[in-house]
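[1] no sequence for this one, just the structure:
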């Protein structure tokens with residue numbers, strides 16, 4: 001089987017070959033690639049991977065970089081193309097010619113596009129002639145993300161533009177509009193693909209709405225390999241510490257946590273929030289102050305108003321190993337997002353068997369069972385309960401979790417078992433090969449595996 005993968009990011013082994021810094025994101029794709037290449041002699045897969053590369057590696061606009069890379073004893077061909085990944089809401093038609101060059105050279109029997117979020121997926125779907133041989137696996141979806149982007153923010157914060165926002169033309173409303181524009185492109189891409197892969201009832205809903213004639217395959221994700229080892233222990237964690245995997249834009253819901261924290265502190269005075277990712281509240285120097293966005297300024301205001309300066313710790317960007325270490329030393333993982341499909345951060349926390357609290361939004365309840373794996377609280381709803389009430393639900397969920405140690409222990413056990421089933425590396429790899437064979441051979445799905 002000659003398979004071409006189209007990815008948002010360069011796989012770590014390829015980045016190393018090109019002398020580039022490896023990304024810590026989308027580790028499930030790297031994990032699947034390792035399995036594909038390790039068993040290349042058995043699965044008979046000839047794999048090519050295409051992804052955007054920095055412009056200095058290319059000969060000019062529309063050109064394509066080619067490298068042969070050996071990983072895990074297997075061989076793949078890498079194609080790099082130019083794309084303005086800083087402005088993914090803008091479509092460049094020259095991408096279509098780059099895709100055609102790659103198709104002509106590699107002659108794939110099918111293409112597998114990981115995600116709908118970037119213009120290259122639409123370019124590939126337009127350029128590849130055999131639409132029935134296109135598979136798009138859904139990660140997030142920009143169109144519904146745009147609808148949830150404002151996430152109960154006060155109107156003054158939504159409309160305010162800081163110096164940074166004006167300079168970059170990137171205020172909160174502009175950010176929402178960029179997601180909307182990306183959603184227009186992703187809808188067209190989904191409508192062109194003959195096959196869609198997903199893992200939640202939420203993404204199945206949009207797949208059927210946007211392309212009712214496409215075949216939908218349940219394809220669960222394999223997470224970063226280091227999270228399959230190790231086990232959370234209450235004895236080894238910091239008491240009443242709350243961990244969030246990121247919070248640098250409104251969808252991730254850090255403002256809900258900051259509004260909920262005073263209520264938690266009234267019962268657990270030693271509670272503290274630890275946050276990975278970009279620190280958008282940095283303000284110690286003039287340069288940092290000039291870089292403050294309206295959302296970053298709002299988070300800083302919430303921290304100051306409630307005197308939380310010593311209760312919120314920004315950890316910065318963490319490697320996979322550092323993320324795992326922080327999960328294991330925290331007493332609860334919280335996913336407060338206003339929208340998600342199936343957050344990998346929640347899956348990683350569940351794999352480690354740690355206590356979890358999550359907003360019931362999007363496709364979360366397809367991977368997390370409320371009352372069994374932990375606690376899911378009512379999250380953001382369009383025209384719903386609002387910031388104060390949603391934050392109250394979050395605070396109550398954390399307090400409820402911490403107040404019942406025996407139930408917490410049961411949650412941890414159930415969450416780990418659920419995640420091990422959902423993110424089973426061997427089964428997910430076998431399922432991927434099965435789907436590829438069906439698409440290339442034109443055969444139909446047997447049974448009811450096409451329901452998420």
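    On my side now, so go ahead. From a predicted model like this one, the values you see are computed outputs, not experimental measurements.

[2] for residue 333, give the beta-bridge partners.
    Beta bridges link residue 333 to residue 243, residue 356 when assigned by DSSP bridges.

[3] how close does it sit to residue 289?
    As judged by Cβ to Cβ, to the nearest Å, residue 333 and residue 289 stand 32 Å apart. To be clear about C-beta, it is placed using only N, CA and C from the backbone, and glycine gets the same treatment.

[4] okay, the two: which has more neighbours?
    Using other Cβ atoms under 10 Å, the more surrounded residue of residue 333 and residue 289 is residue 333, with 25 against 14.

[5] wait, residue 8 sits on residue 113?
    No: the pair residue 8 / residue 113 is not scored as a contact, 9.6 Å apart, by Cβ atoms under 8 Å.

[6] give me the more crowded residue out of those two.
    Taking other Cβ under 10 Å, residue 8 and residue 113 do not tie; residue 113 has more neighbours (27 against 21).

[7] next up, phi/psi of the more buried one, please.
    Main-chain dihedrals, residue 113, degrees, to the nearest 10: phi -100, psi 120.

[8] same check on residue 377?
    Dihedral pair for residue 377: phi -110, psi 160, per degrees, to the nearest 10.

[9] and it, how far from residue 256?
    From residue 377 across to residue 256, the span is 10 Å (Cβ to Cβ).

[10] next one: residue 64
    Residue 64 sits 44 Å away from residue 256, taking Cβ to Cβ as the criterion.

[11] now residue 48
    Between residue 48 and residue 256 the computed distance is 42 Å (Cβ to Cβ).

[12] give the buried residues for whichever strand or helix holds residue 255.
    In this assignment (DSSP states H and E), residue 255 forms part of helix 254-267. Residues of helix 254-267 classed as buried: 254-265 (neighbour count, 16 or more other Cβ atoms under 10 Å).

[13] residues contacting the following helix or strand past that helix, please?
    Moving toward the C-terminus from helix 254-267, the next helix or strand (DSSP H and E) is strand 272-276. Strand 272-276 has contacts (Cβ atoms under 8 Å, 6 or more residues apart in numbering) with 238, 240-247, 254, 257-258, 261, 308, 311-318, 323, 326, 330.

[14] strands along the stretch 101-250 of the chain, start to end?
    Assigned by DSSP state E, counting those that start in this stretch, the strands in the stretch 101-250 of the chain fall at 110-114, 134-137, 195-198, 215-218, 241-244.

[15] distance from the chain centre to stretch 155-165, please.
    For stretch 155-165, the separation from the chain centroid amounts to 26 Å (computed by Cα atoms, centre = their mean, to the nearest Å).

[16] first-to-last residue distance for that stretch?
    16 Å (Cα to Cα, to the nearest Å).

[17] what's in contact with it?
    Contact partners of stretch 155-165, identified using Cβ under 8 Å, 6+ apart, comprise 150, 170-174, 290-295, 297-298.

[18] ok, stretch 383-402 next?
    Applying Cβ under 8 Å, 6+ apart, the contact partners of stretch 383-402 are 152-154, 240, 242, 255-257, 259-261, 263-264, 267-268, 331-332, 334, 336, 355, 357, 359, 374-380, 407-408, 411.

[19] cool, stretch 52-72 as well?
    With contact meaning Cβ under 8 Å, 6+ apart, stretch 52-72 is reached by 8, 10-11, 13-14, 17-18, 20, 33-34, 37-38, 75-83, 85, 94, 97-98, 101-102, 105, 118, 120.

[20] now that stretch: buried residues?
    Result for stretch 52-72 [16+ other Cβ under 10 Å]: buried residues 52-53, 58, 62-65, 69, 71.

[21] buried among the contacts of strand 272-276? Need that as a selection in ChimeraX.
    Filtering these down to the buried ones (16+ other Cβ under 10 Å) takes a single ChimeraX command:
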select :240,241,242,243,244,245,246,247,254,257,258,261,308,311,312,314,318,323,326,330
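
[22] quick one on the thing from earlier: drop anything exposed from the contacts of stretch 155-165.
    Among the contacts of stretch 155-165, those scoring as buried are 150, 170-173, 291-295, 297-298 (criterion: 16+ other Cβ under 10 Å).

[23] which among these gets closest to residue 1?
    For the buried ones among the contacts of stretch 155-165, the minimum distance to residue 1 (Cβ to Cβ) is 42.3 Å, reached by residue 170.

[24] if I pick the closest one, what's in contact with it?
    164, 293.

[25] which non-adjacent residue is nearest residue 340?
    Nearest in space to residue 340, with sequence neighbours left out and distances taken as Cβ to Cβ, 6 or more residues apart in numbering, is residue 362 at 4.7 Å.

[26] you'd agree residue 388 is in a strand?
    No: in this structure, residue 388 is helix, not part of a strand, as judged by DSSP: H, G, I helix; E, B strand; the rest coil.

[27] run a quick neighbour tally on it.
    As a burial measure, residue 388 scores 11 neighbours (other Cβ under 10 Å).

[28] do you know how far it is from residue 71?
    Separation of residue 388 from residue 71 (Cβ to Cβ) stands at 50 Å.

[29] and what of residue 43?
    Using Cβ to Cβ, residue 43 is found at 14 Å from residue 71.

[30] also residue 161?
    Counting by Cβ to Cβ, the gap from residue 161 to residue 71 is 45 Å.

[31] same question for residue 16.
    To residue 71, residue 16 is 10 Å away according to Cβ to Cβ.

[32] pLDDT on the longest helix seen in the chain, on average?
    Longest helix of the chain, by residue count under DSSP state H: helix 172-192. Helix 172-192 carries an average pLDDT of 97.

[33] low pLDDT regions in the stretch 1-150 of the chain?
    By pLDDT under 70, the low-scoring segments of the stretch 1-150 of the chain are 23-27.

[34] can you list the domains in the chain?
    2-222+424-441, 226-422 (automatic domain parsing).

[35] quick one, helices of the stretch 351-452 of the chain?
    Taking DSSP state H, counting those that start in this stretch, the helices of the stretch 351-452 of the chain run over residues 387-402, 405-422, 425-441.

[36] the inter-axis angle of the second one versus helix 387-402?
    This points to helix 405-422. 100 degrees (axes from the mean of the first three to the mean of the last three Cα atoms, to 10 degrees).

[37] buried stuff in helix 405-422?
    Judged by neighbour count (16+ other Cβ under 10 Å), helix 405-422 contains these buried residues: 408, 411-412, 414-416, 418-419, 422.

[38] again, but for the first one
    Going by neighbour count (16+ other Cβ under 10 Å), the buried part of helix 387-402 is 390-399, 401-402.

[39] how far off centre is it?
    Centroid displacement of helix 387-402 relative to its chain, using Cα atoms, centre = their mean, is 24 Å.

[40] what's the answer for the longest one, then?
    For helix 405-422, the distance between its averaged C-alpha position and the chain's averaged C-alpha position is 22 Å (Cα atoms, centre = their mean).

[41] contacts for that helix?
    Outside helix 405-422, the residues that touch it by Cβ under 8 Å, 6+ apart are 220, 231-232, 234, 347, 349-356, 367-369, 372-375, 401-402.
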